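Q: Sequence first, then the predicted structure:
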Amino acid sequence: MSVTPPPVHVPRPYARPTANLVARVDVPTEDGASIAAFVYAPHGVRDVPGTPFGIDSAFPPVLMLHGNGEEHGIFGPVIDAVVATGRSVVAIDSRAQGESTRGEAPLTYELMAADAREVMSRLGVWDCHVLGFSDGAILGLLLARDWGEHVLSVTASGANLTPAGLPQEDTDFMAEAAAANAAWAAEGWEGEVDEEGNAVPSPAEAARIAELLQLMVDQPQIDAASLGGISCPVTVMAGEFDCILPEETERIAEAIGGAQTYIVPEAGHTIPKEAPEVMSKVLLETIGQNDARHPTHEVNAPSDVLVVPIDDSWADAVEDLYAHVCAEPGTSGWAQGLWPPEGLAAELLCAGKTLAALDPATAEVLGAVSVDFDDNMGDGWLAGHGRGQGGPDWEPRPTGEVACYHLLAVDPAARGRHVARALLAAAGQRARDLGASVVRINTSVANVEANNLYAGAGLTRHKPIWLPYEGLDLPGYTNLWELAL
């Protein structure tokens, strides 16, 4: 007995972005998927050091996440509107959709949110605004919940926390369509058309569609209470005639303290197509509530911190400093016994390469940094799913011209005293005294405070490279920073 072809979905055409596409990056995942990311930037911006992948580290971009079965181009006019304000956009094709591949891991919204985090790590983005539509809105809420220190704002259009957030007839239809596509994947054939002459999906495409439909039948399963910790500005959008139940939209907004609700009059679910100008307006207003920027400034040492060279007689005090940093929860990712590696701090001390920031009144060590000529960051071939994407892209310079900072850290108890600024100023002078013309440093893409510090201190950011630190709970990519002296 022949199988009945599945229902054919013919999407309504939409305007794709016309903004300046400066980079397309394919990010590999541990389970074998490749996630396609597209960076749109203001006219004149190029993929060069200082704005790698077209992203200015002083001007956080917007991350855009599309709906089920779509691709990033659905945000076309919205992308154009954001770029017209001078801000870059990172638009992702979610796995198994658009130009991204499937991989082998079970398909979940949490997995796709992790994909988005990996993309941003690969691009060297440590904070961003998020716009999500439908499935992408679910991902946006998960990112704000689980990656909150990196998310500046969320505009979520057409989100639901469970399948019960949709009318029963909608979930019933999706379940029937998923079953029909699964049957066609198993027993169908190529080249079939429906009664209107529309091409029926191939068996392989039907299998993909079936899995994506089933995702919406079974997921998400998000506890509304788990969103209570979201602290960034959030706007929850829906259409007046959205397929998302009104009470579901209200439930999401009520779960997030201070969240705003915006209902688009006379619109259905597909607001990026139906009302892109309204979505752009609401997005930009939400961004404006937390438009964090990182201006460049001159690094001047504070007057209440003294930075001096130290020797191995200070070993215990420096080890205590690094132990305090390792013990403090935060974004540094350091862990006792893993980083700094055993003996490294003592080796730098004995070689006379270390500067310490002291409290002038007590001689307490508030922070430390070491300066030498070892700027080896690897060649991008360390083991892992970022392997083979290349090493540092900065200009080769003769030995002796390039100094490097190591183990820069500030005691958590000294935060607010601008110790890091004092260390950077003194380390820069030490590098000049050594005859260097530039200094370089690297830090994890997840270390928000350090990356903001370097951006504000006028360092130039180069492309991130694959440089995982075994055992540390950090993304495998590291940001490269350079300062001309």
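A: It's in. Numbers count the residues shown, from 1 in each chain.
Q: Tell me where this structure has helices.
A: Using DSSP state H, the helices found in the chain span residues 76-84, 109-123, 135-146, 168-187, 203-218, 246-255, 271-274, 276-288, 315-327, 344-350, 419-433, 448-456.
Q: out of those, which comes closest to residue 373?
A: Distance to residue 373, taken as C-beta to C-beta, is lowest for helix 419-433 among those, at 9.4 Å. Just so you know, the C-beta spots here come from the backbone N, C-alpha and C atoms, and that holds for glycine as well.
Q: okay, now the domains of this protein?
A: If you go by automatic domain parsing, the domain ranges for the chain are 20-165+213-288, 306-484.
Q: Confidence-wise, which of those domains is weakest overall?
A: Per-stretch mean pLDDT for the domains of the chain is lowest at domain 306-484 (a mean of 93).
Q: can you give me the end-to-end distance of it?
A: By C-alpha to C-alpha, to the nearest Å, the extent of domain 306-484 from end to end equals 24 Å.
Q: ok, back up a step: just name the most buried of the helices of the chain.
A: helix 135-146 (a mean of 26; mean count of other C-beta atoms under 10 Å).
Q: about what we covered before: distance to residue 100 added to the helices of the chain, as a markdown table?
A: Conversion of the helices of the chain to a markdown table gives the following (distance: least, C-beta to C-beta, whole Å):
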| stretch | distance to residue 100 |
| --- | --- |
| helix 76-84 | 17 |
| helix 109-123 | 8 |
| helix 135-146 | 13 |
| helix 168-187 | 19 |
| helix 203-218 | 11 |
| helix 246-255 | 26 |
| helix 271-274 | 18 |
| helix 276-288 | 23 |
| helix 315-327 | 37 |
| helix 344-350 | 39 |
| helix 419-433 | 38 |
| helix 448-456 | 26 |
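Q: which one of the ones you listed lies closest to residue 15?
A: Closest approach to residue 15 among the helices of the chain (C-beta to C-beta): helix 76-84, 4.4 Å.
Q: ok, residue 257 - how many residues close by?
A: Residues near residue 257, counting by other C-beta atoms under 10 Å, number 11.
Q: Now do the contacts for it.
A: Counting by C-beta atoms under 8 Å, 6 or more residues apart in numbering, residue 257 makes contact with 228, 230-231.
Q: quick check, nearest of the residues you listed to residue 74?
A: residue 230 (24.8 Å).
Q: can you pull the contacts of that closest one?
A: Contacts of residue 230 (C-beta under 8 Å, 6+ apart): 141, 144-145, 148, 154, 256-257, 259.
Q: now swap in residue 11 and tell me
A: Here residue 11 is in contact with residue 70 (C-beta under 8 Å, 6+ apart).
Q: returning to what we had before: can I get the domains of the chain in a markdown table including distance to residue 198?
A: Output for the domains of the chain, formatted as a markdown table (distance: least, C-beta to C-beta, whole Å):
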| stretch | distance to residue 198 |
| --- | --- |
| domain 20-165+213-288 | 15 |
| domain 306-484 | 38 |
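Q: Let me know which of these is the nearest to residue 9.
A: So among those, domain 20-165+213-288 is nearest, using C-beta to C-beta, at 7.5 Å.
Q: The closest one: end-to-end distance?
A: End to end - C-alpha to C-alpha - domain 20-165+213-288 spans 23 Å.
Q: how far does that domain sit from the chain's center?
A: Taking C-alpha atoms, centre = their mean, to the nearest Å, one finds domain 20-165+213-288 lying 11 Å from the centre of the chain it belongs to.
Q: and of the helices of the chain, who's closest to residue 32?
A: Closest among the helices of the chain, using C-beta to C-beta: helix 109-123, at 12.2 Å.
Q: how about the closest one as PDB, C-alpha atoms only?
A: The C-alpha coordinates for helix 109-123 follow below in PDB (Å, rounded to 0.1, in the frame of the first residue of the first chain):
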ATOM      1  CA  TYR A 109      16.100  23.800  22.500                       C
ATOM      2  CA  GLU A 110      18.800  23.700  25.100                       C
ATOM      3  CA  LEU A 111      21.200  22.200  22.500                       C
ATOM      4  CA  MET A 112      20.400  25.000  20.100                       C
ATOM      5  CA  ALA A 113      20.900  27.600  22.800                       C
ATOM      6  CA  ALA A 114      24.300  26.000  23.400                       C
ATOM      7  CA  ASP A 115      25.000  26.300  19.700                       C
ATOM      8  CA  ALA A 116      24.400  30.000  19.900                       C
ATOM      9  CA  ARG A 117      26.700  30.400  22.800                       C
ATOM     10  CA  GLU A 118      29.400  28.500  20.900                       C
ATOM     11  CA  VAL A 119      29.000  30.800  17.900                       C
ATOM     12  CA  MET A 120      29.300  33.900  20.000                       C
ATOM     13  CA  SER A 121      32.400  32.400  21.600                       C
ATOM     14  CA  ARG A 122      33.900  31.700  18.200                       C
ATOM     15  CA  LEU A 123      33.200  35.300  17.100                       C
END
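Q: report the angle between the axes of that helix and helix 203-218?
A: Angle, helix 109-123 to helix 203-218, by axes from the mean of the first three to the mean of the last three C-alpha atoms, to 10 degrees: 110 degrees.
Q: buried ones in stretch 100-108?
A: 100-103, 107 (16 or more other C-beta atoms under 10 Å).
Q: now residue 462, which residues is it bridged with?
A: residue 480 (DSSP bridges).
Q: That one and residue 396, how far apart?
A: Residue 462 is 13 Å from residue 396, where distance means C-beta to C-beta, to the nearest Å.
Q: next one: residue 176
A: Applying C-beta to C-beta to residue 176 and residue 396 gives a distance of 61 Å.
Q: do the same with residue 59
A: Relative to residue 396, residue 59 is positioned 29 Å away (C-beta to C-beta).
Q: follow-up on the earlier one: could the contacts of residue 230 go into a markdown table alongside distance to residue 47?
A: Listed next are the contacts of residue 230 as a markdown table, based on distance: C-beta to C-beta, whole Å:
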| residue | distance to residue 47 |
| --- | --- |
| 141 | 31 |
| 144 | 28 |
| 145 | 32 |
| 148 | 29 |
| 154 | 27 |
| 256 | 35 |
| 257 | 39 |
| 259 | 35 |
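Q: and of the residues you listed, the nearest to residue 356?
A: Closest to residue 356, out of all of these and judged by C-beta to C-beta, is residue 148, at 33.6 Å.
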